[in-house]
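Student: Make a model of this:
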Amino acid sequence: MKLIYAFRGRTFYPFHQQTAFPVHLPPPEVRAAWLRKVREIGFEGLEVGLEDLADRSDAEVDDLGNELRDAGLPCLGIRGGGGLHNPRVGGHNRARLARGVEVAARIGAGVLNTLINAPTRPELPGVGSGIGEMVSQNSSRDATESDYRINAEGIAAAADRAAGQGVAISIELHQNTLCDNSWSMIHLLELIDRPNVGANPDLGNVYWTYETAEESCEAAILALAPHANYWHMKNLVRVPLPGMQRAFYLRRPIPDGEINYRFAVAAMLEAGYDGCFGVEGMVAGDQLTDDARSLKRIRSLIAEHKASG
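Tutor: Got it, this is the predicted structure:
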């Protein structure tokens, strides 16, 4: 069990990011100081985006892996991949999935976290990004069985290659994807049927997919905890807009949001989960201070549950 940093903001003086996404590591001129601070806070590893690794040579991947390990923050998860069912991006995402497995094995990350997504249309309702509406593009509500089977076949093939390299694949529960609730995730996992493929039950993504969540976070975590092999943890506050059939969702540190992580941590531990607990960090403000509070809360909940058992 490791508590790792799935950072989403990386502003660190004098570096300030120009765009929120994609999420890259801080640049070399501030990275050593940033890594020291992250380790000082108490994180035990990092999640790194495939965008930081895909175009590096083997030697460059090795160098980065060594840099992170020397800082006490090994790369324990890779974030990358994508849905395989949309013909416009399916081939590209297959290549990303394969490359993600390669770099995960090379850098020593045990898990590749991927999404089953497809391109959204920003001019139409339901594109997510912190706004819940009555519809969600590319959702399980609108998916076909063929969509699930195409993804299952491609992920199963990738998982067979990954198994020989000591890498697991985790499918993230995420808005605007085929796997946006517990039943759709379990359906895909059953089709894939590989021991090194599991779920990332990101409860924030359950909560903000729609104007009102179609599934409670408690129901989702109870259903998915036995299938989990990776875990993103973030918290949110819902701000409804009466009469407009939408709600805004604001990111908050773990102690300050509306998702009950005392319940969620207990459910995961009772199911025997011993993988990474990944703090999906804040985007705005003093990210390191807020994310340190999240880490402290998660650590205390784990210790409390163990003490009570």
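
Student: And the nearest residue to Pro195 once chain neighbours are set aside, how far from Cys75?
Tutor: Spatial nearest neighbour of Pro195, excluding adjacent residues (C-beta to C-beta, 6 or more residues apart in numbering): Ala163 at 7.8 Å. Using the backbone N, CA and C atoms, a C-beta is placed for each residue, glycine as well. Counting by C-beta to C-beta, to the nearest Å, the gap from Ala163 to Cys75 is 20 Å.

Student: again, but for Pro26
Tutor: Separation of Pro26 from Cys75 (C-beta to C-beta) stands at 14 Å.

Student: Ok, Tyr13 next?
Tutor: The gap separating Tyr13 from Cys75 is 24 Å, by C-beta to C-beta.

Student: Compare these two (neighbour count), which wins?
Tutor: The residue with more neighbours, out of Tyr13 and Cys75, is Cys75; 26 against 8, by other C-beta atoms under 10 Å.

Student: in stretch 99-113, what counts as buried?
Tutor: Neighbour-count burial for stretch 99-113, with 16 or more other C-beta atoms under 10 Å as criterion, is recorded at 99-113.

Student: Need phi/psi at Leu112.
Tutor: Taking degrees, to the nearest 10, you get phi -110, psi 120 for the backbone angles of Leu112.

Student: what are the ranges of the strands in this structure?
Tutor: Counting by DSSP state E, the chain has strands at residues 2-6, 46-49, 75-79, 111-114, 131-132, 168-172, 197-200, 231-233, 235-241, 246-252, 276-280.

Student: got a list of what the residue nearest to Pro195 touches?
Tutor: Contacts of Ala163 were listed using C-beta atoms under 8 Å, 6 or more residues apart in numbering, and they are 194-196.

Student: ChimeraX command to pick out the buried ones of the residues you listed?
Tutor: With 16+ other C-beta under 10 Å as the burial test, the buried ones among those are selected in ChimeraX as follows:
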select :194,196
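
Student: can you redo the strands of the chain as CSV with distance to Arg31 and mean pLDDT?
Tutor: Converted to CSV, the strands of the chain look like this (distance: least, C-beta to C-beta, whole Å; pLDDT from 0 to 100):
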stretch, distance to Arg31, mean pLDDT
strand 2-6, 13, 98
strand 46-49, 11, 98
strand 75-79, 13, 98
strand 111-114, 22, 98
strand 131-132, 33, 96
strand 168-172, 26, 98
strand 197-200, 26, 98
strand 231-233, 23, 98
strand 235-241, 27, 97
strand 246-252, 24, 97
strand 276-280, 19, 98
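
Student: Could you dump those into TSV and include distance to Ala220?
Tutor: Supplementary listing: the strands of the chain in TSV, determined by distance: least, C-beta to C-beta, whole Å:
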stretch	distance to Ala220
strand 2-6	19
strand 46-49	21
strand 75-79	20
strand 111-114	17
strand 131-132	15
strand 168-172	13
strand 197-200	10
strand 231-233	12
strand 235-241	14
strand 246-252	16
strand 276-280	16
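
Student: Tell me which of these approaches Ser182 most closely.
Tutor: For the strands of the chain, the distance to Ser182 is smallest for strand 197-200, at 8.5 Å, taking C-beta to C-beta.

Student: Now tell me what touches the closest one from outside.
Tutor: With C-beta under 8 Å, 6+ apart as the test, strand 197-200 has contacts from 113, 155-156, 159, 168-173, 179, 185-186, 189, 224, 227-232.

Student: Kindly recompute the last result at 7 Å.
Tutor: 113, 155, 159, 168-173, 185, 189, 224, 227-232 (C-beta atoms under 7 Å, 6 or more residues apart in numbering).

Student: Please apply the same query to stretch 57-67.
Tutor: For stretch 57-67, using C-beta under 7 Å, 6+ apart, the contacting residues are 53, 56, 75, 103, 106-108.

Student: can you redo those residues as CSV with distance to Gly272?
Tutor: Shown next, in CSV, are those (distance: C-beta to C-beta, whole Å):
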residue, distance to Gly272
Leu53, 30
Arg56, 35
Cys75, 25
Val103, 29
Arg106, 29
Ile107, 27
Gly108, 24
